[in-house]
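Peer 1: no sequence for this one, just the structure:
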């Protein structure tokens, strides 16, 4: 016996010794079988106790949950809100079929709706064309400030003409409260939410919808749409609920089908169903105990848990049934199955947990919740799979029909094909990866939050309708500092405000601008007997201040200027309502405005736009920044686990390729097929990473086993890996892809994009494992001599 | 086991519960009966009666506005009030702004009406003109503060309908708690709950409810002083808006009474001559 052969014997011995861990697993398996009833009982109790926390789960009803407390855009917006008014809004848009809103009937109806809208909970203000505070001169020294459509007055022809003319020439009304072609009006309800309970938004929204329904019934010829930020808030809840009620049952259905086909065992199917149900219930229950609030992203956690949890059980059960077919007794088969699967199941769960926990680096708390809930669920699935599942199987009757071992001819053929064409595959795949990789940066980041919802959600339909007919929900606002207390009346400042307003109005993206400069011009005209020549800014500070005082003293309840001027009268808020633009275009507008203000407004440097749309415009970038670190860390930890598990630094290094390539390919494909993406993009790599490594682990460990234990050469080891795990990898991937494909049915675009991208990544991972990895392995190991795996020897000798 | 004891216990328990329920129903019913309306009205009439005959008054006021961020702004103004004895009419008031400087000299004259919009004139020194304002602004904020005009104008019985709710201690005093419902059609309020000091009939605290009947603001009046052995005036009024988080504090200099101001001083032509 040569020294080399000696060493080889030792090596195999060492390999077996390392499987001494097997002895512990066998002891564990026997222990589980022995205490099966207690384990069964404890599993039920554990799941129930955790699940009891589910009662504390509620749905968040505020879009602000998408932003962490230290998100700079959120902080800027909060400051803006605290300075002026804390506002959300409900916009009720009315469009008569006959196409003219200036009729006595419709104006009376709008006036009535305006009045009733004050009853919507948390309302602090209601604006419409009817209660617009119109000022005009009456005689030489009378200033009249009154509702444009006065209360309790029948309207004659002359009134209608006057109202139409005033409304359509008033910059504060046109494009905001009335469309320029006079076919649509809106009643804009400002709501100040105390933000104390999650019941506020539903309460306001229900009231508003009831008003809309009542209006539709009274005036059948009018289309009514309800939008605004409160409607947006409400839509998040609706989308979460829709996802949970539609996707979860569907998921169970699909998984049930998978189990029936794969396991062909009633008791196995029931046990697996219980394992995944327990895992989901435990995760959601613990989240409830921890006080997590559900949002659309975190509401899909149970669906993801179901998909991920099933894999462990399937592996264990398939081995068990296989063992029984080979003639093992049930209990022996359980023990053997645990012995084979204990380590891989643990490892795949661990990597998945690491991947999902890395979502804690996301800036958006809903993704942190998604990551943590899923991590809890996957951990629970692991625990139930190694305790409850074998215990249940030990109790339940299992009948196995002796069946011929399926010949893995397809996989053998694939192995042959891959080996035969390895160079072509290596270059081909590299080429594909490079091409797709180049395409990745072409993806446009877009988070138009209206598009987060598909048209099954009422908010989306109504908002689309409002945008087509009047104006949209997207706004950008600026607070322009005047530099000193009372400075808003400074003529130079006012001129700049007016210029900025004009500048904004010239932008294609801008539909409407609310600006104090318009009010000053109108007042100046009013104070000069409504002479149109005086529609200009007052040229003296004291005069402007006194106009402002006069106007402020003339406004009724709820229609004051506190939403436009701060208490110190040292800054003014300008609100621009925007076209249906992408967040890219908004960021461009923000930059242009910033440089305009920097040049023109004294003390106007670094003035960012603010508002919900602006917050969403930067959300993807900010999350990607956070997740770069998170994903990197996850990658490092997962790779480290692989090195430890495979006991080979070299194989760990090689495993980087099939783990890195799939996300690149998936994003490249996305760039071609879809072209734009939002928030979902930031988390997909991290979450899919933990899942795709599983296939790599299985393939590499079988490859290594063939090399080290059986002394195969690289080609032989690849063939061995294909024939042993090829089918299993194919099936597991199919299950996971099906699971994530179900997410693509979500009414919430972030979720469906997450599902689609993850599914694509998983498919790409299979390609990488089947086509690229073997080629690399043969390339790297193939040059070595057949009989002695040097590298493995070196590794083992360490 | 002693069954008779058990039964008597049960009957007793039932009786006590029944009585409690009955009382609860009664006390609930007691709400808003005619007797309570009458008592409420009498309290209001007593408040009005005790303030009768002050003639005219003058004071200086400082107004501090604060928002949620703690940003604040100060205004200074002089106030003159002329009592109008006719109970169908409100008092007349004149407000002259001293600070900030850009509105210094602006003067505001108001003839309070009870159920209609007030008559109002404003003198703008920069324009050197008196402008008559015609608007429905009684419900609106007074110079951007958390006070509405209707919170600041003189107390007139006919402005509200009343219901006495209960008596309760308020601070060191005992108070009547009355509900008052504005009679002015376009008021910003659905109702107000006022705490009236039972000894001196001073309104020490008011909760204002907005049009949808939710709590909007709370006014607390303090630092009371009595003038001419009869007329009580607060020297600090603090209003908190619960919905917006904004606050306004008014502080008053000592009042001067019966300075000989008369109807002739309270007309629009005088506005332009003020300093």
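Peer 2: Great, that's in hand. Model, not experiment: these values are computed from the prediction. Numbers count the residues shown, from 1 in each chain, chains lettered A, B, ... in the order given.
Peer 1: Count the neighbours of residue 124 for me.
Peer 2: By default, I'm working from chain A. 22 (other C-beta atoms under 10 Å in any protein chain shown). All C-beta spots, glycine's among them, are computed from the backbone N, C-alpha and C.
Peer 1: Switch to chain B, please.
Peer 2: 23.
Peer 1: what sits against it?
Peer 2: Listed by C-beta atoms under 8 Å, 6 or more residues apart in numbering or on different chains, the contact set of residue B:124 reads A:543, A:546-547, A:550, B:106, B:130-131.
Peer 1: hmm, 10 Å instead?
Peer 2: Residues near residue B:124 by C-beta atoms under 10 Å, 6 or more residues apart in numbering or on different chains: A:527, A:542-543, A:545-547, A:549-550, B:103, B:105-107, B:130-131, B:271-272.
Peer 1: From those residues, list the buried ones, please.
Peer 2: A:527, A:542-543, A:545-547, A:549-550, B:103, B:105-107, B:130-131, B:271 (16 or more other C-beta atoms under 10 Å in any protein chain shown).
Peer 1: taking these one by one, which sit in helices?
Peer 2: Under the assignment DSSP state H, the buried ones among the contacts of residue B:124 contribute A:527, A:542-543, A:545-547, A:549-550, B:271 to helices.
Peer 1: roughly how far apart are residue A:735 and residue A:499?
Peer 2: Counting by C-beta to C-beta, to the nearest Å, the gap from residue A:735 to residue A:499 is 62 Å.
Peer 1: The two: which is more packed in?
Peer 2: Taking other C-beta under 10 Å, residue A:735 and residue A:499 do not tie; residue A:735 has more neighbours (20 against 14).
Peer 1: which residues touch the residue nearest to the more buried one when sequence neighbours are not counted?
Peer 2: Take residue A:735 and drop its neighbours on the chain: the residue closest to it by C-beta to C-beta, 6 or more residues apart in numbering or on different chains is residue A:258, 5.5 Å away. Neighbour list for residue A:258: A:269, A:272, A:310, A:314, A:731, A:734-735, A:738-739 [criterion: C-beta under 10 Å, 6+ apart].
Peer 1: now, which of those residues lie within helices?
Peer 2: A:269, A:272, A:310, A:314, A:731, A:734-735, A:738-739.
Peer 1: can you give me the helices for the stretch 451-600 of chain A?
Peer 2: Remark: helices assigned in the stretch 451-600 of chain A by DSSP state H, counting those that start in this stretch are A:458-469, A:491-506, A:516-527, A:541-552, A:583-600.
Peer 1: What's the nearest residue in the stretch 451-600 of chain A when you look at chain B?
Peer 2: Residue nearest to chain B within the stretch 451-600 of chain A: residue A:557 (3.1 Å; C-beta to the nearest C-beta).
Peer 1: measure that residue to residue B:141 for me?
Peer 2: According to C-beta to C-beta, residue A:557 stands 8 Å off from residue B:141.
Peer 1: Please read off the pLDDT at the residue lying closest to residue A:134 once chain neighbours are set aside from the model.
Peer 2: The shortest distance from residue A:134 to any non-neighbouring residue, by C-beta to C-beta, 6+ apart, is to residue A:148 (4.4 Å). pLDDT recorded at residue A:148 is 93.
Peer 1: burial of residue A:148, as a residue count?
Peer 2: Neighbour tally, residue A:148, other C-beta under 10 Å: 20.
Peer 1: With the one 5 residues further on instead?
Peer 2: Residues lying near residue A:153 (other C-beta under 10 Å) number 11.
Peer 1: how near is it to residue A:614?
Peer 2: 42 Å.
Peer 1: next one: residue B:211
Peer 2: Distance from residue B:211 to residue A:614, by C-beta to C-beta: 32 Å.
Peer 1: swap in residue A:200?
Peer 2: 23 Å.
Peer 1: If you count surrounding residues, which of these two has more?
Peer 2: Neighbour count, other C-beta under 10 Å: between residue A:200 and residue A:614, residue A:614 has more, with 24 against 21.
Peer 1: Same question for the helix or strand hosting the more buried one: list its buried residues.
Peer 2: Take DSSP states H and E as the rule and residue A:614 turns out to sit in helix A:612-646. By neighbour count on 16+ other C-beta under 10 Å, the buried set for helix A:612-646 is A:612-620, A:622-624, A:626-627, A:630-631, A:634-635, A:637-639, A:641-643, A:645-646.
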